[in-house]
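**Student:** How does the following fold in three dimensions:
(one chain, ligands or ions: 1)
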Amino acid sequence: MFDETLKWPFFDARHRELKALEQFAEQDLRSLIQQEHEGADVYAIAPQMVSALGTAGWLAHAASLDGRLDSRSLCLVRDILARRSGLAEFTFAMQGLGSAAITLFGNDEQRRHWLPGVIAGDRIAAFALSEEEAGSNPADMSTAAHKDGNDWLLNGEKTWISNAGLAHQYVVFARTKEGAGAQGLSCFIVAADNPGFSISASIDVIAPHPLGSLRFTECRLPADALVGQEGDGFKIAMSVLDVFRSSVGASAVGMARRALDHALLRVTQRQISGASLSSFQLTQDKLADMATAIDAAALLVYRAAWVKDVEGGRTSRVAAMAKLFATEEAQRVIDKAVQLFGGLGVVSGNPAERLYREIRALRIYEGTSEIQKLIIAGQLLRNHAESVRS
Ligand SMILES: Cc1cc2nc3c(=O)[nH]c(=O)nc-3n(C[C@H](O)[C@H](O)[C@H](O)COP(=O)(O)OP(=O)(O)OC[C@H]3O[C@@H](n4cnc5c(N)ncnc54)[C@H](O)[C@@H]3O)c2cc1C
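**Tutor:** This next block holds a predicted model:
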């Protein structure tokens, strides 16, 4: 089905060339993926994955010195990697998410300083927006940066930060103006060895994933740590999420494809009372639903990526639709795979069991499904009000 996807009119020849990543993942990442699936420490394997992806040039699709990100490439890479490995996909995605504010809004000097290491896979990146009291609504954040001469002093705590403890550099959002809500936020780059920066906790989740909390205590940043203008933070964060939310959908599509791959293998091998499990119509009902959901999700994902690349501007509604539908449907597809595996589907380490845990967080991070619905409905209602007025 992926080969059919590549023929869709959303893509150019350069996108179709990304098919080569399938072979790279299956050969060059094989040993790391095997270690991941055998339960090796993700903090040990993730840097090796980043390095392998960077050395082979794949991270050039996650960050770029020319200030542009190609959404379709980002989505295709995540789709291909997620079909094979949750961790390979995560490490690729985080190099992009953790540096996109610099790619899209940084000045030339910031891009030249902070991005080459990310693209080469030598430096790991992270994105620090969420706080304990500001997850779904980042405008409520309390981490604050105050001017001190030409410098900034950063104080506060972030949590749920992917790559916490592994990253060499963090894009951090902080309040620079009290009482100004979303308009009072700014975006900074913080190196992990900056005095005043520390990791305050690491967080264990159901699908192993480097994750933790950050603390900033009188963390002194130079003036050129500010990305964009003072007060641009919310706009930068939402613009980055516009690009990355569709690609979370692509990751969900890749995981759903992996579930269908394993389910097809299982139902064609499993014999029940002398008949192949695949010959039962109730099995075929599930397979048909799984395949249809995957294609529908992929259409929404690649539509959103095409709109971003070709029409440009803010694409919050189509990105929200792609993330919402693809992640919710992938959860259902994977649940069907678990069911088709029978008891084996809930045995630790079974591919369906692993996917069942891996998919869950995608419906929560980068905006929960409920928040995506609020974005979609909010825009519908605004458009309706405008059409009534005019
Ligand atoms: C594995 C993982 C990795 C993550 N990585 C990162 C990262 O790298 N960087 C980062 O900054 N953050 C990261 N996050 C944080 C993530 O984006 C937040 O968890 C998410 O935005 C939800 O915030 P919350 O956990 O505070 O939930 P809450 O905001 O407390 O939400 C709880 C529930 O309330 C619902 N809800 C909230 N507001 C409304 C509303 N107005 N109407 C209806 N329902 C509502 C939500 O949908 C949810 O179901 C990560 C989270 C996870 C789980």
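**Student:** closest point of this structure to the ligand, which residue?
**Tutor:** Per C-beta to the nearest ligand atom, Gly135 is where the chain lies closest to the ligand, at 1.9 Å. Bear in mind the C-beta positions are built from the backbone N, C-alpha and C, glycine included.
**Student:** And that residue, what's its pLDDT?
**Tutor:** Looking at Gly135, its pLDDT is 96.
**Student:** cool, Gly313 as well?
**Tutor:** Gly313 is assigned a predicted lDDT (pLDDT) of 86.
**Student:** any idea how far it lies from Leu299?
**Tutor:** Distance of Gly313 to Leu299, given as C-beta to C-beta, to the nearest Å: 21 Å.
**Student:** For those two, indicate the residue with more neighbours.
**Tutor:** Leu299 (17 against 9; other C-beta atoms under 10 Å).
**Student:** What is the strand or helix carrying the more buried one packed up against?
**Tutor:** Take DSSP states H and E as the rule and Leu299 turns out to sit in helix 281-306. Applying 3 or more C-beta pairs under 8 Å, 6 or more residues apart in numbering; DSSP states H and E, one finds that helix 281-306 contacts helix 2-6, helix 71-82, helix 233-269, helix 316-341.
**Student:** Ranking the ones you listed by mean neighbour count, which comes first?
**Tutor:** For these, average neighbour numbers computed from mean count of other C-beta atoms under 10 Å are highest in helix 71-82, which has a mean of 27.
**Student:** Which other helices and strands does it contact?
**Tutor:** So helix 71-82, by 3+ C-beta pairs under 8 Å, 6+ apart, packs with helix 2-6, helix 13-16, helix 20-27, helix 86-97, helix 233-269, helix 281-306.
**Student:** Any idea which of those helices has the lowest pLDDT on average?
**Tutor:** When these are ranked by mean pLDDT, helix 2-6 comes last with a mean of 90.
**Student:** Extract the C-alpha set from it and format it as PDB.
**Tutor:** Output in PDB follows, covering the C-alpha atoms of helix 2-6 (Å, rounded to 0.1, in the frame of the first residue of the first chain):
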ATOM      1  CA  PHE A   2       2.900   2.400   0.700                       C
ATOM      2  CA  ASP A   3       4.000   2.000  -3.000                       C
ATOM      3  CA  GLU A   4       0.500   3.100  -4.000                       C
ATOM      4  CA  THR A   5       0.700   6.100  -1.700                       C
ATOM      5  CA  LEU A   6       3.900   7.300  -3.400                       C
END
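**Student:** Run through who's touching that helix.
**Tutor:** For helix 2-6, the surrounding residues in contact (C-beta atoms under 8 Å, 6 or more residues apart in numbering) are 15-16, 19, 22, 76, 79-80, 83, 257, 295, 298, 302.
**Student:** ditto for stretch 305-313
**Tutor:** Applying C-beta under 8 Å, 6+ apart, the contact partners of stretch 305-313 are 10, 70-72, 74-75, 242-243, 246-247, 250, 315, 318-319, 322.
**Student:** Now for those: which two are most distant?
**Tutor:** Phe10 and Asp242 (17.1 Å; C-beta to C-beta).
**Student:** Would you tell me which residues of this structure are close to the ligand?
**Tutor:** Residues of the chain lying close to the ligand (C-beta under 6 Å from any ligand atom) are 127-130, 135-136, 160-162, 205, 209, 211, 361, 364-368, 370-371, 374.
**Student:** PyMOL command to pick out the buried ones of those residues?
**Tutor:** Of the residues of the chain next to the ligand, the buried ones can be selected in PyMOL as follows, counting by 16 or more other C-beta atoms under 10 Å:
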select buried, resi 127+128+129+130+135+160+161+162+209+211+361+365+366+367+368+371
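**Student:** In strands, which of the residues of the chain next to the ligand appear?
**Tutor:** In strands, defined here by DSSP state E, the members of the residues of the chain next to the ligand are 127-128, 160-162, 211.
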